[in-house]
Every structure is written in structure tokens, then in C-alpha cells.
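J.: Provided below for reference: sequence and predicted model.
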Amino acid sequence: MKLNRPIPDSPDNTRADALRQSIAAVRQGIAEAADRAGRQSDTIRLMAVTKTVSPQDVNTAIGEGITLLGENRVQEFFSKREEYLSPHEVHFIGHLQTNKVRQIVGAVEMIQSVDSIHLAEEIDRVSQKKGLVTPILLEINIGRQETKSGVLPEVLPELLERAAALPGLRVEGLMAIPPQENAAYYFAKMQELFIDISSKKVDNVYMSTLSMGMSQDYKEAIQYGSTLVRIGTGLFGSRK
């Protein structure tokens, strides 16, 4: 007698289902954190960080409505981007070398990791040459970590003033990766900087985005005003 047995899920289907569950869980986490902070969850953007993630997994995320992607590496981005579904928006969030600026300007909607006037001036030069205005965030090394990129808080006013004067740039806000230990303290410091700069109404400084919070601490970041959380492991699992 022949028994009817269910056809097991393929590894691809199982992976996609797990990813959909992770996306739902992160969205729920954002909604709950926003509610605790007295905020609307739709004021917080969810970015999928795609470092080492396969185009297939990225496309599953896009299919689930995640259309903001964060790319860390220039060459990896260019090797995968033609395989991505549309619509989607890409921000560059990794450390950007000046010799890669020509490639990345115009290929992404925002550069979040501007941490020096030298880099800002190169983005401005290339942007003007291409007839573009590039939205940027200024990256702050809020924890003063030697291993992290970003400008120190006391240097921020000078960088802000000089970047805002460059016609090929539009300063949209701040970005940070605080130390994991005592993250809430550093999130609070970033929120203070963001509010202080916003109150000054500087020309060409719009302060629409406070990008902070990753898989391990995004709920805390939302408590301190983050408008964009960058999630990699929380969606796609541990990186290889």
C-alpha cells in the first residue's frame, strides 16, 4: 500500500520562511519600542543591512516590504545590485575610502558614513561633476573608540559647518555606532546632539535622520529618538 507523505520543504523555502518570521519579529519589536517611547512606529525606518547576504535573501526581504538596504562594501554592492528586485533604496553605511567615492556617488541614495571634511569635499567634488546633490549623514564616534570610524563630538560643529557649505551635499542628519556597553548613555548623547543641531536651523542642514541602533540595541535606540535602525543579524542571522 502506497502512503501519501507530505513533500518536505526545500532548503530555500525553509530559509525564506525563517527570514519572513525574523522580519515580522523585528517589525513587532520596533512597534513595541515605539509605543513605549510614545512614538508612531511609521516614523522609524527599518534598514536591512546586507553585508555578506545573498541576493536571494535580500530579494525575500524586499518582497516582504523592506525597501531600504544598507551596504557596507563598495565592491560587494556592485557585484550584487543587478540581482536585486525593485523597488528599493540603498544607503552606503560602511567606511568609505576617498578613492571609491567616484563609484558610489549616484549609485546610492545616501552616504551615512561621512566622518571627515576630506571625505565630504571629495563627495562634493564628484557630485558636482556628475550634476548631483548627494544626501549624507555625519558619522559620530560617540564612544571615542579607537577602532571605530566617526568624528569626535567636539569636532562635529566644524565638520557640520564646512559640509553644509558644500553645494554638492545635503546634510540630512547624524549616524553612530555606540559601544555595546552602556549603549543607552551614548544614545542619549546622540539625541542631545541631534536636538541641539536641529534647533539651530543651519542652512543646508535638514536633520531628518538620526541613524542609530542595530540588532542588539535597536529597541533602546528608538527610546532615544532614532529614526532609522540598521538590522543585519536580527533579520538574516549571523554573518559568515
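T.: Noted; the coordinates are in hand.
J.: Could you check how far Glu82 is from Val58?
T.: 12 Å (C-beta to C-beta, to the nearest Å). Where C-beta positions appear, they are placed from N, C-alpha and C, glycine not excepted.
J.: Out of the two, name the residue with the larger neighbour count.
T.: Shown here are Glu82 and Val58; by other C-beta atoms under 10 Å, Val58 has more neighbours (23 against 7).
J.: Going by secondary structure, Asp17 is in what exactly?
T.: Using DSSP states H and E, Asp17 falls within helix 11-36.
J.: Residue ranges in this protein under the pLDDT threshold?
T.: The chain contains residues with pLDDT under 70 at 1-12, 240.
J.: Output stretch 29-37 as PDB, nothing but the C-alphas.
T.: C-alpha atoms of stretch 29-37 as PDB (Å, rounded to 0.1, in the frame of the first residue of the first chain):
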ATOM      1  CA  GLY A  29      10.000  44.900  18.200                       C
ATOM      2  CA  ILE A  30      10.000  48.300  16.500                       C
ATOM      3  CA  ALA A  31       6.300  48.800  17.100                       C
ATOM      4  CA  GLU A  32       6.600  47.900  20.800                       C
ATOM      5  CA  ALA A  33       9.600  50.100  21.400                       C
ATOM      6  CA  ALA A  34       7.900  53.000  19.600                       C
ATOM      7  CA  ASP A  35       4.800  52.500  21.700                       C
ATOM      8  CA  ARG A  36       6.900  52.600  24.900                       C
ATOM      9  CA  ALA A  37       8.500  55.800  23.700                       C
END
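J.: Now tell me what touches it from outside.
T.: Gln40, Ser41, Thr43, Ile44, Leu46, Tyr218, Lys219, Glu220, Ile222, Gln223, Val229 (C-beta atoms under 8 Å, 6 or more residues apart in numbering).
J.: in the chain, which spans are helices?
T.: Applying DSSP state H to the chain gives helices spanning 11-36, 55-63, 74-80, 101-104, 117-129, 156-164, 183-200, 218-223, 233-236.
J.: Could you identify which of the ones you listed is most buried?
T.: helix 218-223 (a mean of 22; mean count of other C-beta atoms under 10 Å).
J.: Does Leu68 touch Thr50 like I think?
T.: No: Leu68 lies out of contact with Thr50 (C-beta atoms under 8 Å); the separation is 10.5 Å.
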